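With the sequence up front, the predicted model follows.
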Amino acid sequence: MNKAELVQSVVEAAGLPKADAERAVEAVVAAVTTAVAGGDKVVIPGLGTFEPRDRAAREGRNPQSGETIQIAATTVPGFKPATAFKNAVAGK
């Protein structure tokens, strides 16, 4: 499902005009992105938890030359699905 299909699904499920549904989807994505980028955890019951995760510095290899390189520590977004979401995907 792409963004247009998601918007259409929101239109059908909520009975909103397409423009309003598109703004709602964009607002949710922006709110989650801003919160996680700011170091906060976002919990959406039934869907899951979005949170920033620290990734430690480590050694890696340049695949072309085989040379060892240092990969800097960074923060990455993480997602942990809710049990209801996992069960729905598994068909339970």
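Received it, and whenever you're ready, just let me know what you need.

Does the residue of the chain positioned farthest from its centre belong to a helix, a strand or coil?
Here the centre of the chain is the reference, and by C-alpha atoms, centre = their mean the most remote residue is Ser65, at 33.5 Å. Classification of Ser65 using DSSP: H, G, I helix; E, B strand; the rest coil returns coil.

any idea how this structure splits into domains?
Domains of the chain are assigned by automatic domain parsing as 1-40, 42-92.

Quick one: mean pLDDT for stretch 49-63?
What stretch 49-63 shows for mean pLDDT is 96.

Could you work out the end-to-end span of that stretch for me?
Across its full length, stretch 49-63 reaches 34 Å between end residues, using C-alpha to C-alpha, to the nearest Å.

which other helices and strands contact the longest helix along the chain?
For the chain, the helix reaching the highest residue count under DSSP state H is reported as helix 18-37. When contacts are defined as 3 or more C-beta pairs under 8 Å, 6 or more residues apart in numbering; DSSP states H and E, helix 18-37 packs onto helix 3-14, strand 42-44, strand 48-55. Just so you know, the C-beta spots here come from the backbone N, C-alpha and C atoms, and that holds for glycine as well.

ok, back up a step: tell me the most buried of the domains of the chain?
domain 1-40 (a mean of 13; mean count of other C-beta atoms under 10 Å).

Can you get me the start-to-end distance on that domain?
27 Å.

Tell me the confidence at the spatially closest residue to Lys18 that is not a sequence neighbour?
Once flanking residues are discounted, Lys18 sits nearest to Val11: 5.4 Å by C-beta to C-beta, 6 or more residues apart in numbering. On pLDDT, Val11 comes in at 96.

likewise Ala27?
97.

can you check Lys92 too?
82.

Taking strand 48-55 as reference, get the angle to the longest helix of the chain.
Helix 18-37 and strand 48-55 are oriented at 40 degrees to each other (axes from the mean of the first three to the mean of the last three C-alpha atoms, to 10 degrees).
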